[in-house]
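Student: give the three-dimensional model of this entry:
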Amino acid sequence: MSRPYEDADALRVCLETALSNRPNPPAATCFRTGQYALLDAGSSMNDCCDGLAWVRIVSIDPVTEFGTTQTNPCAGGYQVTYELGVARCQPFGDERSGIDCDTWAALALQIDDDAEAMRSAVCCFTGVLGADAFDMAVALGSWAPMDTEGGCTGGTTQVTVTYNRLESS
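Tutor: Below you'll find the predicted structure:
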């Protein structure tokens, strides 16, 4: 059985591949850690406007069989929730005019395309894991829009992998 960050790397590769097969792929596909994906904006780069895709581990939880005598977290498996995300630059108007409808529509279509790439990445990831009903289960979560603070926009999707057995080592 793989370790969570090994599987996160496989998911990152699947996401990078899915996005690279579409128009306007993000400039980078990286890991992020923490409670949310930090989006950097510096003097020579801007993750959002350059385009950033990421994979982040949201949580790792023990899986035990509740309702039975087996409630020892060391005897069961574990469940890992991963987040996939893509950030894009939010358009800005100027002092004379706002953002036109065509710009908003193009951004919405880009974000929708990114969401489709995330779903494709999860399908790729499931194939890489070789998930079957006996060893693990993969569940795709909802897509959600990002908060637009800081001039970024985009969305995230979560995927949860339940490993039914602990790694023996």
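
Student: all the helices of the chain, residue numbers only.
Tutor: 4-20, 47-50, 101-129 (DSSP state H).

Student: rank the ones you listed by pLDDT, which is bottom?
Tutor: Of all those, helix 47-50 carries the lowest average pLDDT, namely a mean of 80.

Student: ok so, going back, nearest to L140, of the helices of the chain?
Tutor: Put simply, out of these the one that sits nearest L140 is helix 101-129, at 5.2 Å, with distance taken as Cβ to Cβ. Just so you know, the C-beta spots here come from the backbone N, C-alpha and C atoms, and that holds for glycine as well.

Student: hmm, back to that, need the helices of the chain in a markdown table (columns: mean neighbour count).
Tutor: Shown next, in a markdown table, are those (neighbours: other Cβ atoms under 10 Å):
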| stretch | mean neighbour count |
| --- | --- |
| helix 4-20 | 19 |
| helix 47-50 | 19 |
| helix 101-129 | 16 |
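
Student: packing partners for the worst-scoring helix or strand of the chain on mean pLDDT?
Tutor: Within the chain, judged by mean pLDDT, DSSP states H and E, the helix or strand with the poorest mean is helix 47-50; its value is a mean of 80. Applying 3 or more Cβ pairs under 8 Å, 6 or more residues apart in numbering; DSSP states H and E, we find helix 47-50 packed against strand 77-89, strand 152-163.

Student: if we can go back for a sec, figure out which of the helices of the chain is closest to P62.
Tutor: For P62, the closest of those is helix 4-20, at 12.9 Å, according to Cβ to Cβ.

Student: could you check the angle that closest one makes with helix 101-129?
Tutor: Regarding helix 4-20 and helix 101-129, their directions subtend 130 degrees when assessed with axes from the mean of the first three to the mean of the last three Cα atoms, to 10 degrees.

Student: helix 4-20 - contacts with which helices or strands?
Tutor: strand 28-31, strand 52-63, strand 77-89, helix 101-129.

Student: now the last one, how far from the chain's geometric center?
Tutor: Computed by Cα atoms, centre = their mean, to the nearest Å, the chain-centroid distance of helix 101-129 equals 11 Å.

Student: that helix to strand 77-89, inter-axis angle?
Tutor: Helix 101-129 and strand 77-89 meet at an angle of 150 degrees, taking the same axes, to 10 degrees as the criterion.
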